[in-house]
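Participant: take a look and give me a structure for this.
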Amino acid sequence: MMFLKRVLIGFMMAIFLSWCGQMTASAQSQELYNPPRGDVRLVVISDLNGAYGSTDYAPEVDKAMKLIPFWQPDMVLCSGDMVAGQNPILTPEQIKAMWAAFDDHVAAPLRQANLPYGFTVGNHDASSALGIGGSFLFQKEKDLALEYWENPQHDPGIEFIDRDDFPFYYTFEYKDIFFMAWDGSSNYIPPEKMAWVEQTLASPKAQNAKMRILLGHLPLYAVSVGRNQPGEVMRNADELRAMLEKYRVHTYISGHHHAYYPAHRGKLELLHTGILGSGPRPLIDSKIPPQKAITVLDINFDSPNLTTYTTYDLKKLELIEYNHLPRFLVGHNGIVLRRDLEWNDLTREEIFRCRQRLKKDELCQWE
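Facilitator: Alright, predicted model coming up:
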């Protein structure tokens, strides 16, 4: 009898705590600013994982999942690191447990809300890093990531165009927006995959769309402390950017640097997505404390700017305004500007500061 009483008390307590969490999320959402809605609304998240092998998620991950329905997005995008892999000692059972936890905390709530989920793999999901001899160092993790996503029960609910190499390289569409995900889980894309990228972006399906968006884990240019070095950004960033500009890709959405920064370089918009999981990082040369962030991205096809970002500090549920962020960032492989500024807005002193830091004029040139 005493055992049954304890079980009943535990059950009632679980219901009470769940109810409290729902009421808290509901109260928080009532206080949130809800921006004017565009023709298409996306919510963008990234870097959800905890420590290596972890099946737990930070409170902000669960908080985000409860808040996302408030914004009524058409789709949720993730720029990688959904689980906590990239450790050779992890067993298949541990890796499967991580994906099961991801499903419980993230994928299942999105499916229940009928929200499509577009994503790219990160280095902690299925790293494409190569070892001696050219084989994948984390083949086991790649195989089990593929196993998870090939399960029909885990259908992300997106409208695929090309899923032959899903979830590593694939394309999908929504309301005349062409989406591509490439495997930026390491800094190098093999020539045969780059050929696929170019051929796909050049296709009538891509070029006739109203907008093209690319998802990749590593950014082109460095933006955060601790990730401002080769290997933490895509190799040959300027060449990749020139290729993406050639095929009129509007926005490259990335993660990995654990810091939100809305930027652009040349004609390419660069959304460096904020982190939800463990380890937010400060921006380069910034005194702003590290933040956990989530971005609502509204697309207005008739607007000259096409996209509008509304980004929230997830701990405080306050807006992160552009003018609170650095005007530009100078990483080891080039400068990026805050997206509301143009090159001509920089002062001579600011340009000189870039050239003094990088010692190479071409890394401080805009085009």
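Participant: what count of nearby residues applies to T273?
Facilitator: Using other Cβ atoms under 10 Å, the number of residues around T273 comes to 31. Every residue, glycine included, has its C-beta placed from N, CA and C.
Participant: ugh, wrong one, W99
Facilitator: 23.
Participant: pretty sure it sits in a helix.
Facilitator: Yes. Per DSSP: H, G, I helix; E, B strand; the rest coil, W99 lies within a helix segment.
Participant: so what's it up against?
Facilitator: Counting by Cβ atoms under 8 Å, 6 or more residues apart in numbering, W99 touches 83, 144-145, 148.
Participant: in contact with D164: list those residues for me.
Facilitator: For D164, counting by Cβ under 8 Å, 6+ apart, the contacting residues are Y170.
Participant: now do the SS call for it.
Facilitator: Going by three-state DSSP: D164 is strand.
Participant: so how far is L337 from it?
Facilitator: Using Cβ to Cβ, to the nearest Å, one obtains 37 Å as the distance from D164 to L337.
Participant: S128 too?
Facilitator: Distance from S128 to L337, by Cβ to Cβ: 30 Å.
Participant: equivalent analysis for S186, please.
Facilitator: As judged by Cβ to Cβ, S186 and L337 stand 27 Å apart.
Participant: who has more neighbours, these two?
Facilitator: L337 (22 against 19).
Participant: partner residues bridging that one?
Facilitator: H264, F328 (DSSP bridges).
Participant: can you map out the helices along the chain?
Facilitator: 2-31, 59-71, 92-102, 108-112, 123-126, 139-150, 191-201, 204-207, 237-246, 348-358 (DSSP state H).
Participant: quick one: the third one to helix 139-150, angle?
Facilitator: Helix 92-102 and helix 139-150 meet at an angle of 40 degrees, taking axes from the mean of the first three to the mean of the last three Cα atoms, to 10 degrees as the criterion.
Participant: any stretches of the stretch 1-150 of the chain with poor pLDDT?
Facilitator: Within the stretch 1-150 of the chain, the stretches with pLDDT under 70 are 1-30.
Participant: switch the cut-off to 90
Facilitator: 1-32, 132-134 (pLDDT under 90).
Participant: quick check: the residue nearest the centre of the chain vs N151, distance?
Facilitator: Computing the C-alpha centroid of the chain and ranking residues by Cα atoms, centre = their mean puts S79 first, at 2.3 Å. Going from S79 to N151 by Cβ to Cβ gives 22 Å.
Participant: same check on P88?
Facilitator: From P88 to N151 the distance is 25 Å (Cβ to Cβ).
Participant: restricting to C-alpha, output stretch 201-216 in PDB.
Facilitator: Extracted as PDB, the C-alpha positions of stretch 201-216 are listed here (Å, rounded to 0.1, in the frame of the first residue of the first chain):
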ATOM      1  CA  LEU A 201      22.100  25.700 -57.600                       C
ATOM      2  CA  ALA A 202      22.300  26.300 -61.400                       C
ATOM      3  CA  SER A 203      19.200  24.200 -62.000                       C
ATOM      4  CA  PRO A 204      16.000  25.800 -63.200                       C
ATOM      5  CA  LYS A 205      14.300  24.700 -60.000                       C
ATOM      6  CA  ALA A 206      16.700  26.700 -57.900                       C
ATOM      7  CA  GLN A 207      17.100  29.700 -60.200                       C
ATOM      8  CA  ASN A 208      13.400  30.100 -60.800                       C
ATOM      9  CA  ALA A 209      12.600  30.200 -57.100                       C
ATOM     10  CA  LYS A 210      12.000  33.600 -55.500                       C
ATOM     11  CA  MET A 211      14.700  33.000 -53.000                       C
ATOM     12  CA  ARG A 212      17.600  30.600 -52.200                       C
ATOM     13  CA  ILE A 213      18.800  29.700 -48.700                       C
ATOM     14  CA  LEU A 214      21.700  27.500 -47.800                       C
ATOM     15  CA  LEU A 215      22.100  25.700 -44.500                       C
ATOM     16  CA  GLY A 216      25.600  24.600 -43.300                       C
END
